[in-house]
Structure formats: C-alpha cells, structure tokens
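Chemist: sequence and predicted structure below; questions after.
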Amino acid sequence: IMKKLTYLALFAFAAFAISSCGGINKMKELTSAENYKVTPAILEEHKDQVEMKIEVKYPAKYFNKKAILNVTPVLKYEKGETAFTNKVFQGEGVSANNQAIAFATGGTATIPGTIAFTDDMMKSELVVRIEAELKGKKIPFGEFKVADGVIATPKLVIIDPKPVLVADKYQTKHEEIKISFNNLTNDVEKILANYGEPFFDSSAIPSYYVSEAAKKHLTVILNGDGGDEIFAGYRRYIPFAKYDFFKPGALVKSFAKMAHTILPAPHNKKSKYNYFYRLADLARKDGMDIYLSATVDSFEGFEKYLITDSGSLKKIESDFEKINKTSLSGLQKIMNLDFDNILAGDLLVKMDIATMAHSLEGRSPLLCKELLEYVPTISDSFKIKGSQTKYILRQLAAKYLPAELINQPKRGFEIPLKKWIDGELKNIIADYILAPNAYCRNFVQPSFINNLWSRKINTGDEKRAKMIWTLFAIEVWHKKCFLQNA
C-alpha cells in the first residue's frame with residue numbers, strides 16, 4: 001500500500017509539474033507584439049526626452065494563475081540600448097503587490113515611460129523584453145518589436161565637424177546654422193503649393209528650411225546643382241560606367257529576370273542589398289523603362305494600377321530614343337538623360353522656388369558655360385574610377401582641402417519621409433488622399449491607394465512612403481493651386 005501511495009504521490013507531483021509548465025509554455029506561445037500597443041506609433045523626441053505609453057491587453061485564459069510576468073520596454077539602437085521602467089504583472093494566485101491579471105477574463109494595463117534622448121536613438125526600435133517566473137524559476141519569453149523611433153524633428157540637422165576643418169585651414173569665418181522642422185505640419189502645404197504644379201521631390205522640404213535659415217544671413221548663395229550630372233556623382237552611375245544597360249545582352253537580361261523573381265523587396269534605401277536589387281530590376285527591362293527604373297522608381301511594378309495617358313511621357317521617350325541611338329557610352333547616356341530631365345525638370349526648379357520663397361537668390365557655379373562645354377569631353381575614367389564617383393573633382397579637391405573630406409560619401413537632402421508619413425504628417429496626408437473625391441484617384445486606382453495606406457501592398461517602406469508622398473503632392477497642388485485659381 002505504501003508503495004502504491006508513493007507512486008500515486010509521484011504521479012500527482014509529475015502531473016502538477018507538467019500542468020504548470022504547460023500553462024507557462026502556453027503563455028509563451030500566445031505572447032506577441034499584438035498584446036502591446038504603443039502611443040505614439042513612432043516614438044518622438046520632445047525637449048530632449050522620449051516619452052511613450054504602452055497599452056497592454058492580455059486575453060482571457062492567457063495569464064497563468066501562479067505566474068509573474070516582468071515586462072521591460074527597451075529602445076535599441078546601433079550603439080546600445082536604453083531601458084524604460086519595467087512593470088510586473090502577476091496571476092491571481094500569486095501573493096504579491098503587483099497588478100493582477102485574471103485568468104478567466106484577462107485584463108488591461110498601461111506602461112508609461114520616459115528616457116533621456118541621445119542622437120543615436122534617431123535610428124532605433126522599441127521592443128518589449130518579457131520574462132516569466134513560476135515557482136521561483138525564470139523563463140525568458142524573448143523580445144518583441146512594438147514601435148520604431150525616434151522622430152527628433154528639431155534635431156534633424158547635420159551636426160558635422162568636417163566643415164570646420166576647411167575654416168581652420170584657411171582661417172575663414174564659419175557659422176553653423178541649425179535647421180528646425182518644428183513647423184512642418186503647418187508649412188508642408190505651403191511648401192508644395194509654392195511650386196504651382198504637382199511637385200513630387202520630398203527634398204523640397206529641407207530646401208525650403210535651409211533657404212529660410214540662409215536668408216537671415218545672406219541674399220545670394222551658391223549651390224552645387226549640376227555637379228552630379230556633369231561629373232558623375234550618383235552611385236547609380238557606377239554600373240553604367242562598366243556596362244551599357246540600355247543595350248543589355250540576352251545573358252545579362254536572363255540572369256536579372258531570375259534574380260528579380262526570387263529576391264524580396266528591400267526596406268532600407270541606403271543598403272547594398274537595395275543597390276543590387278534595383279540593378280537587377282533595371283537590367284531585366286527594355287527601352288526607356290530601364291532609365292525610369294534607374295531614376296524615378298516610385299510606382300515601378302505597380303503600373304497596372306495607374307490610370308494614365310499613353311502620351312504623358314512622350315517628350316522623355318523622344319529624348320531617350322535620340323540619345324540611345326548614339327555611340328555614347330552607357331555612363332554618358334544616363335548622365336545626358338539626367339541632365340535633360342532630372343536636373344532641368346526637378347533639381348533646378350526645386351532650388352529656384354525654395355530660395356525665391358524667401359527672396360534669396362541661388363546660383364549654380366558648376367553649370368557655368370565653360371564647364372558645360374569642357375567637362376563632357378573628358379573621358380569617363382576621370383569621372384568614375386572603380387567605385388569612386390566624381391574622381392577628377394576629388395583629385396582636384398585633394399590639392400586644397402583636408403584629406404578627411406576627399407572620400408566622403410555623397411550627402412543629399414535626405415529626410416525621414418517614411419517616419420513623417422507614419423508620424424506627424426499622417427493625419428493631414430490621410431485627409432487628402434483618402435477622401436472619396438480625392439483628385440489623385442483619377443490617376444491611381446482608389447483600391448490601390450486604400451491598400452497602400454493600410455499596408456496591404458507588398459512593397460518596401462521607402463517605396464511606400466514615396467508613392468504616398470506623390471499622391472499627397474498631387475492633392476495639395478489640386479486644392480491649393482488649381483481649384484483656387486480656377
């Protein structure tokens with residue numbers, strides 16, 4: 001009898017242990033980022049602090065009655081991480097003073113938090129790190145991403161000591177101007193309406209604010225417009241210096257088609273993977289589609305959703321056909337096409353309107369008559385050497401500038417567009433493009449616009465942001481320019 005009782009006791013203990021472990025394992029399996037909703041959806045910096053609030057929702061029959069759950073929000077970035085204050089929850093059978101969550105009904109809670117902001121946090125993500133405890137044993141549940149961060153709008157300025165090197169070398173006066181985007185929500189419609197036509201280049205925003213800041217000190221400024229188009233400054237020019245993709249061979253095209261079929265869409269515009277993906281994408285195409293893929297790729301791959309006039313690109317097509325029939329190299333072809341279309345139709349227009357909005361005069365010395373006549377006659381090898389762009393300009397600069405500056409990568413007027421669209425500009429953009437009578441719906445299928453906004457279209461975050469910005473720009477022009485002047 002004693003032997004049987006011993007077996008029964010051991011069996012009961014084992015059953016209890018298995019049941020307990022099963023309960024905690026079930027909790028672990030059911031845990032996901034969906035249990036934690038963060039406000040704001042993209043974290044923001046205000047007065048050198050990052051504040052957030054997490055709404056926690058645990059469903060019925062989730063929380064083990066004997067379990068303790070330690071939840072720690074952590075902001076992770078390249079150089080480290082910073083934890084917010086943690087919060088501990090407990091099952092209804094635990095004797096402690098933490099917030100209890102009932103097994104039968106589940107429960108809700110709030111985790112508020114504030115941390116000091118550092119510049120490293122501008123590229124970061126918020127995770128919740130979860131650890132359970134049952135009968136004194138700790139079981140890690142892992143971490144779950146719940147938000148991106150951090151929009152630090154007032155700090156979106158290049159704080160770079162390199163310009164000071166030039167000032168020190170030549171003993172010139174150097175003044176660093178910090179650009180604020182604090183009024184972006186109020187200014188964005190005005191910035192776009194200034195152009196008097198649909199204008200899709202989002203770098204119009206920093207161009208506007210840079211011009212505004214410069215006007216406080218100057219009446220005439222110099223810019224570098226044209227330098228990339230005549231000296232080969234764009235990274236996308238490098239493959240064209242090695243191969244004429246406008247006339248690809250059958251082998252290259254076949255390989256590119258295969259690669260594009262199996263590769264997932266990139267999400268990071270500046271990554272090497274994105275560079276290779278776009279190269280494979282353009283190499284599989286024909287005619288002017290190759291050029292469009294290498295330059296303006298906003299709606300590329302989604303052409304079937306566009307409602308377009310077949311003659312809308314007639315001028316660009318004519319320019320492409322004329323240039324592609326010449327004996328120019330692949331590099332010379334794409335540089336000429338950019339000069340005729342991107343520079344003349346976008347970049348020069350952008351800076352002209354941005355500067356004149358503040359009664360500031362902008363001049364482009366790299367587009368002077370002498371350079372325009374001479375530089376196109378220089379061999380391609382002086383423009384791109386290996387993977388180095390603007391080779392001859394860098395060699396010239398080495399004679400006059402500190403060595404630390406010579407091989408710096410290209411820096412455009414990049415903005416965190418995808419963060420702005422999901423953050424501070426989200427409501428105003430939604431009001432425009434999601435309206436049933438939105439003008440952009442005459443050019444893009446309404447169902448595509450709705451699905452793009454709700455993230456039901458399979459595309460990278462950067463490309464999604466560019467498409468949404470394009471739709472928004474059309475709407476602002478139609479409302480602020482076309483209808484008001486009708």
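Modeler: Perfect, I can see it now. Since we're looking at a predicted model, the values are computed, not measured.
Chemist: number of residues surrounding Ala132?
Modeler: 21 (other C-beta atoms under 10 Å). Where you see a C-beta, it was placed from the backbone N, CA and C, and this is true even at glycine.
Chemist: for it, phi and psi?
Modeler: The phi/psi pair for Ala132 (degrees, to the nearest 10) reads phi -100, psi 160.
Chemist: for it, give the beta-bridge partners.
Modeler: Leu69, Ile139 (DSSP bridges).
Chemist: assess the claim that it and Ile68 are in contact.
Modeler: Yes - applying C-beta atoms under 8 Å as the test, Ala132 and Ile68 come out as touching, 6.8 Å apart.
Chemist: distance of the residue lying closest to Leu328 once chain neighbours are set aside from Ser329?
Modeler: The shortest distance from Leu328 to any non-neighbouring residue, by C-beta to C-beta, 6 or more residues apart in numbering, is to Asn336 (6.9 Å). Separation of Asn336 from Ser329 (C-beta to C-beta, to the nearest Å): 10 Å.
Chemist: swap in Lys61?
Modeler: In this view, Lys61 and Ser329 are 68 Å apart by C-beta to C-beta.
Chemist: quick one: Lys315 is in a helix?
Modeler: Yes - judged by DSSP: H, G, I helix; E, B strand; the rest coil, Lys315 forms part of a helix.
Chemist: what about it, how many neighbours?
Modeler: Neighbours around Lys315, by other C-beta under 10 Å: 12.
Chemist: and it, how far from Gln484?
Modeler: 28 Å.
Chemist: which residues of the stretch 101-250 of the chain fall in strands?
Modeler: With DSSP state E, counting those that start in this stretch as the criterion, the stretch 101-250 of the chain has strands at 107-116, 124-134, 137-151, 220-222.
Chemist: tell me the strands beside the first one, with direction?
Modeler: Looking at strand 107-116 with DSSP bridges, its paired strands and their directions are strand 49-58 (antiparallel).
Chemist: between the partner strand and strand 137-151, how big is the angle?
Modeler: For strand 49-58 against strand 137-151, the angle between stretch directions is 130 degrees (axes from the mean of the first three to the mean of the last three C-alpha atoms, to 10 degrees).
Chemist: what mean pLDDT does strand 49-58 have?
Modeler: Strand 49-58 carries an average pLDDT of 92.
Chemist: what are the contacting residues of that strand?
Modeler: 35-40, 43-44, 71, 73, 75, 84, 89, 101, 106-117, 121, 126, 128, 146-147, 149-150 (C-beta atoms under 8 Å, 6 or more residues apart in numbering).
Chemist: buried residues in that strand, which are they?
Modeler: 50-52, 54, 56, 58 (16 or more other C-beta atoms under 10 Å).
Chemist: go through the residues you listed and name the one nearest Thr172.
Modeler: Nearest to Thr172 among the buried residues of strand 49-58: Val50, at 37.7 Å, using C-beta to C-beta.
Chemist: would you state the helices of the stretch 251-400 of the chain in chain order?
Modeler: 272-283, 288-294, 314-324, 330-338, 348-356, 369-374, 391-397 (DSSP state H, counting those that start in this stretch).
Chemist: what sits against Leu331?
Modeler: Residues counted as contacts of Leu331 (C-beta under 8 Å, 6+ apart) are 232, 237, 240-241, 380, 383-384.
Chemist: top of those residues by neighbour count?
Modeler: Ala232 (29 neighbours).
Chemist: tell me the contacts of the residue lying closest to that one once chain neighbours are set aside?
Modeler: Once flanking residues are discounted, Ala232 sits nearest to Lys383: 3.7 Å by C-beta to C-beta, 6+ apart. Counting by C-beta under 8 Å, 6+ apart, Lys383 touches 231-232, 237, 241, 331, 389-392.
Chemist: returning to what we had before: mind picking the two most distant members of the contacts of Leu331?
Modeler: Phe240 and Lys383, at 10.8 Å, using C-beta to C-beta across these.
Chemist: residues near Arg455, how many?
Modeler: 11.
Chemist: quick revisit: against Ile68, how distant is the residue nearest to Ala232?
Modeler: Separation of Lys383 from Ile68 (C-beta to C-beta): 65 Å.
Chemist: again, but for Val349
Modeler: 62 Å.
Chemist: quick one: which of the two has more around it?
Modeler: Shown here are Val349 and Ile68; by other C-beta under 10 Å, Ile68 has more neighbours (19 against 16).
Chemist: how near is that one to Gly91?
Modeler: 7 Å.
Chemist: before we move on, the earlier item: more crowded one of Asn336 and Ser329?
Modeler: The neighbour comparison of Asn336 against Ser329 (other C-beta under 10 Å) goes to Asn336, with 19 against 16.
Chemist: what pLDDT is listed against that one?
Modeler: 96.
Chemist: likewise for Asn458?
Modeler: 87.
Chemist: tell me the contacts of it?
Modeler: Contacts for Asn458 (C-beta under 8 Å, 6+ apart) come out as Ala265.
Chemist: could you look up the SS state of it?
Modeler: Once three-state DSSP is applied, Asn458 turns out coil.
Chemist: now swap in the one 4 residues further on and tell me
Modeler: Counting by three-state DSSP, the backbone at Glu462 sits in helix.
Chemist: show me where pLDDT drops low in this protein?
Modeler: Residues of the chain meeting the criterion pLDDT under 70: 1-23, 151-164, 267-270, 310, 486.
Chemist: my guess is Ile449 contacts Arg441. True?
Modeler: Yes - counting by C-beta under 8 Å, Arg441 is a contact partner of Ile449 at 6.5 Å.
Chemist: before we move on, back to that, ChimeraX command for the buried members of the contacts of strand 49-58?
Modeler: The buried residues among the contacts of strand 49-58 can be selected in ChimeraX (16+ other C-beta under 10 Å) with this line:
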select :35,36,38,40,43,44,71,73,75,84,89,101,107,111,113,115,117,121,126,128,146,147,149,150
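Chemist: nearest residue to Met351 in space, please, no chain neighbours.
Modeler: Spatially, and ignoring its direct neighbours in sequence, Met351 is nearest to Gly362 (5.2 Å; C-beta to C-beta, 6+ apart).
Chemist: next up, the contacts around the one you found.
Modeler: Neighbours of Gly362 in contact, by C-beta under 8 Å, 6+ apart: 211, 220-223, 351-352, 354-355.
Chemist: try it again at 6 Å.
Modeler: Shown in contact with Gly362 (C-beta atoms under 6 Å, 6 or more residues apart in numbering): 221, 223, 351, 355.
Chemist: out of those residues, which two sit at the greatest distance?
Modeler: Ile221 and Met351 (9.4 Å).
Chemist: more crowded one of the two?
Modeler: For Ile221 versus Met351, neighbours defined as other C-beta under 10 Å are more numerous around Met351 (24 against 16).
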